[in-house]
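# what shape does this take:
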Amino acid sequence: MMIRFGYVAHALNLWDASPQKTMTFTRWKQLEEKERVDKLHEITRKNLHHTLRALHYNVAHEIKLYRFSSSIVPLATHEDVPWDYISPFTDLYQEIGEFVKKYEIRTSFHPNQFTLFTSDKPHVTRNAVRDMEYHYAIAEAMGLEEELLINIHVGGAYGNKIEAVQRFHENLRQLSDNIKKQMTLENDDKTYTASETLAICEEERIPMMFDYHHYVANREEEESMDDILPRFMDTWEDRVHQPKLHVSSPKSEKAFRSHADYVSLDFLQPLIDKLKEIDQSVDFMVEAKAKDRALLQLVEDMASQRGVKRVGGATLEL
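Below is the predicted model:
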């Protein structure tokens with residue numbers, strides 16, 4: 001089996017390369033109308049250039065997975081800041097998309113925790129739909145709308161998880177089919193366990209994004225990876241991509257749910273052992289504070305193990 005590795009948005013080994021520079025609504029209001037437009041354009045163009053820098057860096061290091069920043073476009077979904085964040089940057093979007101396709105980089109988005117479909121408040125669902133439409137519009141501008149996946153969490157329980165899940169299914173109908181087809185759903189560290197998320201994925205025919213750290217932090221007593229992992233793999237059947245997992249490790253025992261700077265191989269070992277038994281190639285998205293540095297360190301650590309062969313800058317054969 002093979003494991004490919006990726007990281008989130010910002011390549012720390014590059015100087016001044018954040019692709020998520022932003023502007024607050026308060027600051028936007030303080031500017032004159034022309035200044036507002038100019039500033040939004042300036043920040044967005046810079047973020048897209050920095051995204052391209054990261055992609056070139058990834059190719060140089062043979063990193064085949066990359067998560068775009070959801071904050072590429074400042075104030076894109078703010079209802080009081082309607083602006084065209086597509087056509088002024090068509091050249092850059094196309095350049096990014098062509099580069100991704102040329103070098104076969106698997107890309108994704110992960111909207112923030114407020115993009116959820118379990119709320120009983122209509123405006124929350126409307127905002128979630130708007131946010132998903134924003135991410136899809138960026139993917140479409142890049143020509144990646146049929147391959148780039150948009151990952152979200154189930155959402156809140158609001159005191160009654162059964163009713164919240166029912167609302168999830170109902171509210172999700174407000175999302176267009178083409179966007180839903182690009183969705184994945186991730187288990188979280190406090191509310192929806194791996195089993196609960198799996199059940200929703202299976203009903204909605206949405207691939208599951210299995211987060212191992214969240215699984216350990218929020219595990220039902222009877223949950224077992226022997227049961228979870230094969231079912232998780234099955235949700236990816238008939239999909240373009242192979243199954244994908246999020247990996248990280250706790251910052252400390254006290255701050256168990258927080259991500260450490262790097263990924264502890266000891267913490268990850270039970271997952272790796274189970275994946276070996278299943279013998280299914282997968283992708284690992286590293287969600288550590290040190291981002292690309294944590295990815296490269298984890299690859300080095302795993303490659304030093306017996307039975308593991310490094311076959312690329314960020315690809316291992318087990």
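# the residue nearest to residue 180 when sequence neighbours are not counted and residue 194, how far apart?
Excluding the flanking residues, the one nearest residue 180 by Cβ to Cβ, 6 or more residues apart in numbering is residue 172, at 6.8 Å. C-betas here are computed from N, CA, C, even on glycine. Separation of residue 172 from residue 194 (Cβ to Cβ, to the nearest Å): 20 Å.
# can you name the next helix or strand after the worst-scoring helix or strand of the chain on mean pLDDT?
Across the helices and strands of the chain, mean confidence by mean pLDDT, DSSP states H and E is lowest for helix 25-30: a mean of 87. On the C-terminal side of helix 25-30, the nearest following helix or strand under DSSP states H and E is helix 33-60.
# so which residues of the stretch 201-318 of the chain form strands?
For the stretch 201-318 of the chain, the strands defined by DSSP state E, counting those that start in this stretch cover 208-211, 244-247, 282-286, 309-312, 315-317.
# to residue 267, which of the ones you listed lies closest?
strand 244-247 (9.0 Å; Cβ to Cβ).
# for that closest one, C-alpha coordinates in PDB please.
Extracted in PDB, the C-alpha atoms of strand 244-247 (Å, rounded to 0.1, in the frame of the first residue of the first chain):
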ATOM      1  CA  LYS A 244      -8.300  10.400   2.600                       C
ATOM      2  CA  LEU A 245      -7.600  10.800   6.300                       C
ATOM      3  CA  HIS A 246      -6.600  13.700   8.500                       C
ATOM      4  CA  VAL A 247      -3.700  13.100  10.800                       C
END
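# what's the separation between the nearest residue to residue 257 once chain neighbours are set aside and residue 217?
Nearest in space to residue 257, with sequence neighbours left out and distances taken as Cβ to Cβ, 6+ apart, is residue 189 at 4.7 Å. In this view, residue 189 and residue 217 are 4 Å apart by Cβ to Cβ.
# shared neighbours of these two, anything?
residue 257 (Cβ atoms under 8 Å, 6 or more residues apart in numbering).
# list the buried ones in stretch 311-318?
Buried positions in stretch 311-318, judged by neighbour count with 16 or more other Cβ atoms under 10 Å: 313, 314, 315, 316.
# then stretch 52-64?
Buried residues in stretch 52-64 (16+ other Cβ under 10 Å): 52, 53, 54, 55, 57, 58, 59, 61, 63, 64.
# contacts for it next, please.
Residues from elsewhere that reach stretch 52-64 (Cβ under 8 Å, 6+ apart): 4-7, 9-11, 13-14, 17, 19, 66, 92, 95-96, 99-100, 103-106, 283, 292, 295-296, 312-315.
# contact partners for residue 158?
Residues counted as contacts of residue 158 (Cβ under 8 Å, 6+ apart) are 118, 119, 120, 164.
# thinking again about what came up before, where's the residue nearest to residue 257 relative to residue 141, distance?
Taken as Cβ to Cβ, the span from residue 189 to residue 141 is 33 Å.
# got it, and residue 268?
Residue 268 is 36 Å from residue 141, by Cβ to Cβ.
# with that, I have no additional questions.
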